[in-house]
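*Asks:* Let's see this in three dimensions:
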Amino acid sequence: MMVFDSSALLAVVRGEKPGGELVQGLIDDSDVPMFVHSANLCEVFPQVWRTDVENGGDGSTFANTTIRNFLRSGLIERSDLDATFWCDAAELIAGRRLSDASLALGDALGVALSRRLDAQFVGPTAPKSNRFERRAS
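*Replies:* Got it, this is the predicted structure:
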């Protein structure tokens with residue numbers, strides 16, 4: 001199983017090389033379930049919208065079509081946000097801040113989803129580990 005990060009999807013939309021090609025290849029050739037958290041789709045939408053507006057489009061039509069195309073290509077949207085889930089995401093963010101690093105909310109939700117599903121977390125260049133150090137309970 002794979003969980004896709006917003007940066008991976010944006011690499012496809014932007015035609016980035018080699019990242020976008022790699023991610024598109026994973027989507028096209030996958031024989032495993034592929035997921036994306038709603039928050040990651042929410043991160044993709046305004047970026048695609050803005051680019052389309054800057055190029056003379058209306059933004060909304062292209063952004064909506066882009067999201068629908070990802071879902072039609074086999075990505076399954078998940079909207080997990082129960083207490084166990086959001087606590088895992090929040091602990092990921094807090095733990096990174098303790099080490100003077102940062103982790104955006106969308107990234108944390110994507111990683112938490114990959115951990116919940118025991119799936120690979122796919123960024124713009126390659127699948128990433130879905131494992132971050134868990135604190136002892």
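*Asks:* Please report the distance of Asp28 from Thr84.
*Replies:* Noted for Asp28: a distance of 33 Å to Thr84, by CB to CB, to the nearest Å. C-beta here means a position set from N, CA and C on the backbone, and glycine is covered the same way.
*Asks:* My error: substitute Gly95 in the last question.
*Replies:* When distances are taken as CB to CB, Gly95 and Thr84 turn out to be 16 Å apart.
*Asks:* Same drill for those two, tell me which one is more crowded.
*Replies:* Ranked by neighbour count (other CB atoms under 10 Å), Gly95 and Thr84 place Gly95 first, with 16 against 9.
*Asks:* where in this protein is pLDDT low?
*Replies:* Segments of the chain classed as low confidence (criterion: pLDDT under 70) are 126-137.
*Asks:* which residues of it fall in strands?
*Replies:* Taking DSSP state E, the strands of the chain run over residues 2-4, 34-37, 75-78, 120-122, 127-128.
*Asks:* what's the most buried one of those?
*Replies:* Highest mean neighbour count among the strands of the chain (mean count of other CB atoms under 10 Å): strand 2-4, with a mean of 27.
*Asks:* who touches that strand?
*Replies:* Residues from elsewhere that reach strand 2-4 (CB atoms under 8 Å, 6 or more residues apart in numbering): 23, 26-27, 30, 32-37, 40, 75, 110, 113-114, 117, 119-122, 127, 130.
*Asks:* What strands flank it, and is each parallel or antiparallel?
*Replies:* Sheet pairing here is set by DSSP bridges, and for strand 2-4 it gives strand 34-37 (parallel), strand 120-122 (parallel).
*Asks:* what about the helices in the chain?
*Replies:* Assigned by DSSP state H, the chain shows helices spanning 6-14, 19-29, 38-54, 60-72, 83-98, 105-117.
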